[in-house]
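[1] show me the folded form of this:
(one chain, ligands or ions: 2)
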Amino acid sequence: MTRTVAISPFPDQKPGTSGLRKKVPLFQTPGYTEAFIQSIFDSLEGMEGESLVIGGDGRFYNRDVIQIAIRMAAANGFGRVVIGKGGILSTPAASHLIRKRQAFGGLILSASHNPGGPTEDFGIKYNISNGGPAPEKITDAIYARSRTIDRYLIAEFDDVDLDKIGDFEADGMAIEVVDPVAEYAELMETLFDFDAIRAHVAGGFRVAFDAMHAVTGPYAREILVRRLGVDPALVINAFPLEDFGGHHPDPNLVHAKQLYDQMMGPDAPDFGAASDGDGDRNLVIGRGIFVTPSDSLAILAANAHLAPGYKAGLKGIARSMPTSGAADRVAAKLGVEMHETPTGWKFFGNLLDAGRCTICGEESAGAGSDHVREKDGLWAILLWLNILAVRRQSVREIVHGHWAEYGRTYYSRHDYEALDTESANQLMAALDGKLSLLPGRKVGSLTIEKADNFAYQDPIDGSVSRNQGIRIFFEGGSRLVFRLSGTGTSGATLRIYMERYQPDPTRHDEETQSVLAPLILAARDLAEIGKWTGRDAPTVIT
Ligand code: G1P
Ligand code: ZN
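    Ligands and ions are numbered 1, 2, ... in the order given. Have a look, this model is predicted:
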């Protein structure tokens, strides 16, 4: 039986870079979660009798929202829901399942790398039938609907047993609970040479992985340990916890410190990797060397042909605007298209669907390919392992060899977190206001060549996205980018991205922050960071 429940709209349900992210207590406000899910359903057409994939990263409140989503899917006319056992689906596995089942779409419940728990973060994201995040046209419609919504529809039946794999039925809707790992692992076997990786591991190549008590634990246990023979003692935090053990499931040098220290220490393994809350990000560290995500993207693109799934070569490469230009040099050498898109995976969807690129990546530890429509942490790690198994070199040798061939792009991101939103907006507006005056101006030792506010026109559907970050280019090829985060749940986060290209191989072993020092000073000066934020240093440097 379906119930119609009257509600008043909530004013703050605007999806950000990656869906709606808020604190758990807000999602627990009566009607809040339902209003957002109904706004999604009301923005779609033709879901009658179709399938919907539902899964999440296992964080606190995941199971409750899945039960709500199942009942609302039934009430809104879906014919089938496909759910990961235990409510678990990594974001890339959900994307794969949507594609494989030819589902109408999917609800992915995650706040990615943000902390989880009763007072921490939760998130809901809608993905379309290509398996990718809904494009802005749809997220704008969802937001518009959320401003006027006055009721939601929900079926009344008992909670579904999420821990039992099998086919069930409620209120005329089919309910399928599936193994979250099996189909994803099969897909990986089609892309990579598991025999070669297994042989390399058996020959003594030591792989360490940190699942950060998040969703990739079960995937890593099945794929890395069971199928590839990785030593289980080196796969840490491999069981998902609702609060990620009290940590941020963010695979960076701050939050994956245990892995980082291990990789920099004596007797380090040969390869270290980590993934985030929902399994779409990756961190790659060789023995004694951290690989920046921008470099990792370039190296994966340059070597992808060594893996069976990419042996025909790449159709093109795409990167988000703030990501370094390292991949552009690879595209130029390969003679394939290079695309520069706004931040967020949703902008890659059209390019991938149209066959205009094969590999995409972001500086925020995201890489992926046309095998799904999300970034994919384990995919990146497996591609690295495949390349290492074929080349039989260390990570350090591969990275230095890449720099010798293409030049090195020194790169860093400085984040100023938890800023007052109003001041952060003023900082950006002030900077935006003086862009036309900047060309020709000297800042310390640097001279500004050009400056703009990045706008992107999608080459496939022609849609235009403006105000995607301020870019300042300097003579000699250095660049500064400023933008405000679209994924935070409290205050504002200012992100400043810096890069400097160095072609000379005798200068590839310098310390990144020192190399970037002139850009760091220029950023403070140009954006008047101290004046607007009262801060004299960033909170996180990656
Ligand atoms: C951040 C990253 C961005 C990524 C997004 C979702 O968004 O910067 O690259 O796509 O998380 O994982 P931001 O907070 O910068 O808007
Ligand atoms: Zn994520």
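[2] need the residues of this structure near ligand 2, please.
    Selection of the chain residues close to ligand 2 by C-beta under 5 Å from the ion yields 112, 276, 278, 280, 281. All C-beta spots, glycine's among them, are computed from the backbone N, C-alpha and C.
[3] distance of the last one relative to ligand 1?
    Residue 281 sits at a distance of 7 Å from ligand 1 (criterion: C-beta to the nearest ligand atom, to the nearest Å).
[4] so what's the residue in the chain positioned nearest to ligand 2 up against?
    Using C-beta to the ion, the closest approach of the chain to ligand 2 is made by residue 112 at 3.2 Å. Residue 112 makes contacts with 18, 57, 91, 123, 276, 277, 278, 280, 281, 487, as judged by C-beta atoms under 8 Å, 6 or more residues apart in numbering.
[5] might one say that the fourth one is in contact with residue 110?
    Yes - applying C-beta atoms under 8 Å, one finds residue 123 in contact with residue 110, separated by 5.4 Å.
[6] and residue 201, that one's in a helix?
    Yes - assessed by DSSP: H, G, I helix; E, B strand; the rest coil, residue 201 belongs to a helix.
[7] so which strand or helix has the closest residue to it other than its chain neighbours?
    Of all residues not flanking residue 201 in the chain, residue 229 sits nearest, at 4.8 Å (C-beta to C-beta, 6 or more residues apart in numbering). Counting by DSSP states H and E, there is no helix or strand that carries residue 229.
[8] I figured residue 229 hits residue 202, correct?
    Yes - shown here, residue 229 and residue 202 form a contact pair, counting by C-beta under 8 Å, at 5.8 Å.
[9] with neighbour numbers in mind, choose between those two.
    For residue 229 versus residue 202, the count of surrounding residues by other C-beta atoms under 10 Å is larger for residue 229: 16 against 10.
[10] let's see the pLDDT reported for that one.
    Listed pLDDT for residue 229 reads 98.
[11] numbering from 842 from now on, please.
    Sure, I'll start numbering at 842, so the last one becomes residue 1070.
[12] that one: what's it in contact with?
    With contact taken as C-beta under 8 Å, 6+ apart, residue 1070 is in contact with 1039, 1042, 1043.
[13] got the contact list for the second one?
    It refers to residue 1042. Applying C-beta under 8 Å, 6+ apart, the residues contacting residue 1042 are 1048, 1069, 1070, 1071.
[14] pretty sure the last one is touching residue 1063, no?
    What it means is residue 1071. No - taking C-beta under 8 Å as the contact criterion, residue 1071 and residue 1063 are not neighbours in contact, 11.1 Å apart.
[15] and the residue of the stretch 1142-1291 of the chain found nearest ligand 1, which of the three is it?
    Nearest residue of the stretch 1142-1291 of the chain to ligand 1 (C-beta to the nearest ligand atom) works out as residue 1205 at 3.5 Å. Under three-state DSSP, residue 1205 falls in the coil class.
[16] name the strands paired with the helix or strand of the chain with the lowest mean pLDDT and say parallel or antiparallel.
    Comparing every helix and strand of the chain by mean pLDDT, DSSP states H and E singles out strand 1381-1382 as the least confident one, with a mean of 91. In the sheet containing strand 1381-1382, the strands it pairs with under DSSP bridges are strand 1249-1260 (antiparallel).
[17] the next helix or strand after the partner strand - contacts with which helices or strands?
    The helix or strand immediately downstream of strand 1249-1260 is helix 1262-1274, counting by DSSP H and E. Taking 3 or more C-beta pairs under 8 Å, 6 or more residues apart in numbering; DSSP states H and E as contact, the helices and strands that helix 1262-1274 lies on are strand 1311-1315, strand 1320-1325, strand 1333-1343, helix 1358-1368, helix 1370-1374.
[18] export those as TSV, with columns for mean neighbour count and mean pLDDT.
    Shown next, in TSV, are these (neighbours: other C-beta atoms under 10 Å; pLDDT from 0 to 100):
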stretch	mean neighbour count	mean pLDDT
strand 1311-1315	21	98
strand 1320-1325	22	98
strand 1333-1343	22	97
helix 1358-1368	19	96
helix 1370-1374	17	95
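[19] tell me which of these sits nearest to residue 1187.
    Nearest to residue 1187 among the helices and strands packed on helix 1262-1274 is strand 1320-1325; the distance by C-beta to C-beta comes to 15.8 Å.
[20] now find how far off-centre the closest one is within its chain.
    Average the C-alpha atoms of strand 1320-1325, do the same for its chain, and the two points are 19 Å apart (C-alpha atoms, centre = their mean, to the nearest Å).
[21] what's the angle from that strand to strand 1333-1343?
    170 degrees (axes from the mean of the first three to the mean of the last three C-alpha atoms, to 10 degrees).
[22] do strand 1320-1325 and ligand 1 meet?
    No - Strand 1320-1325 does not reach ligand 1 (C-beta under 6 Å from any ligand atom); its nearest approach is 6.8 Å.
[23] residues in contact with the residue nearest to residue 977 when sequence neighbours are not counted?
    If the residues on either side of it in the chain are set aside, residue 977 comes closest to residue 1306, at 6.3 Å by C-beta to C-beta, 6+ apart. The contact partners of residue 1306, by C-beta under 8 Å, 6+ apart, come to 977, 1183, 1188, 1296, 1297, 1299.
[24] average pLDDT for stretch 1007-1017?
    Taken as a whole, stretch 1007-1017 has a mean pLDDT of 97.
[25] whoops, I mixed them up, stretch 1133-1152
    Regarding stretch 1133-1152, the rounded mean pLDDT is 98.
[26] list the buried residues in it.
    Taking 16 or more other C-beta atoms under 10 Å as the basis for neighbour counts, the residues of stretch 1133-1152 that come out buried are 1133-1148, 1150-1151.
[27] next one: stretch 1260-1272
    Of the residues in stretch 1260-1272, 1260, 1264, 1265, 1268, 1269, 1272 count as buried by neighbour count, 16+ other C-beta under 10 Å.
[28] what's the answer for stretch 966-977, then?
    For stretch 966-977, the neighbour count (16+ other C-beta under 10 Å) marks 966, 967, 968, 969, 970, 971, 972, 973, 974, 975, 976, 977 as buried.
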